[in-house]
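> Give the three-dimensional model of this entry:
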Amino acid sequence: MEHIYAALFGFICGSIPFGLLLTKAAGLGDVRDIGSGSIGATNVLRTGNKALAASTVLLDAGKGVLPVLIARAFAPGTEGVAAVAAVAGHCFTPWLKFQGGKGFATAAGVLGALNWPLMLLCAGIWAAMIAMSKISSVSSMTTVIAAPIAAAAFGQHALIAPLIAIAGIVIVQHRANIGRLMRGEEPKVGSKS
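Okay, the predicted model is just below:
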């Protein structure tokens, strides 16, 4: 039952569509009508409002941190379940007909709560990839693939399965990006297209 509670709490936290709520509250309309159609921070950035995009990153990461910390406090050993559920909730939010974001910021949040040194390593990988490619999706996908490999390399075996599951969710959510990358049509960071 503890695992079920952790999954439900994680999913509910993850399902809050902060990117959509913030852009609507700011009078910028529905963020799903621009760019990639995602509710995540990269697409919010395409509105031209950097503060709103930064707020979306923090809130989307926070909704990943919270369920992991709560699970650790009240049901140790269920943190991985809460982590996967939070990312799934963001990507498949029931409030938006099970459509959502790409899951990267929430994945970063859960990784930070699960193991912050590993998250810092992955942040370095993300920063290197964004500097080289200037493409958010490339950086995000590379980082989530690297996370379970890094966990294995540093002996964090309990994190490998949850991080593989999270990587799977994030990659699936990037399927349209993968198509655009193959066609050479993927927009770079800061582009409104």
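> Show me the shaky parts of this structure.
Low-confidence segments of the chain, defined by pLDDT under 70, span residues 189-193.
> let's see 90
Scanning the chain with the threshold set as pLDDT under 90 gives 1, 26-50, 53, 96-97, 99-102, 134-137, 176-177, 180, 184-193.
> longest helix anywhere in it?
Of all the elements of type helix in the chain, the one with the most residues (DSSP state H) is helix 50-74.
> Now name the helix or strand holding L163.
helix 157-173 (DSSP states H and E).
> after that helix comes which helix or strand?
Toward the C-terminus from helix 157-173 - assigned by DSSP H and E - lies helix 175-183.
> and that next one, which residues are buried?
For helix 175-183, the neighbour count (16 or more other Cβ atoms under 10 Å) marks N177, L181 as buried. The C-beta positions use only the backbone N, C-alpha and C, and glycine is treated the same way.
> report the angle between the axes of it and helix 157-173?
Helix 175-183 and helix 157-173 meet at an angle of 70 degrees, taking axes from the mean of the first three to the mean of the last three Cα atoms, to 10 degrees as the criterion.
> How far off centre is helix 175-183?
In terms of Cα atoms, centre = their mean, to the nearest Å, the centre of helix 175-183 is set 18 Å apart from its chain centre.
> Show residues contacting that helix.
Residues outside helix 175-183 that contact it (Cβ atoms under 8 Å, 6 or more residues apart in numbering): S36, K102, I135, S137, V138, M141, E186, P187.
> As CSV, those with distance to A86 would be great.
CSV is the format used below for these (distance: Cβ to Cβ, whole Å):
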residue, distance to A86
S36, 21
K102, 14
I135, 25
S137, 21
V138, 24
M141, 19
E186, 26
P187, 27
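> and of those residues, the nearest to G64?
K102 (13.1 Å; Cβ to Cβ).
> can I assume the closest one is in contact with C91?
Yes: using Cβ atoms under 8 Å, K102 is in contact with C91, at 7.1 Å.
> what touches both of these two?
Joint contacts of K102 and C91 (Cβ under 8 Å, 6+ apart) are V170, Q173.
> Looking at the two, which one has more neighbours?
Using other Cβ atoms under 10 Å, the more surrounded residue of K102 and C91 is K102, with 31 against 26.
> ok now do that one, which residues does it touch?
Here K102 is in contact with S36, S38, G40, T42, C91, S137, S140, V170, Q173, H174, N177 (Cβ under 8 Å, 6+ apart).
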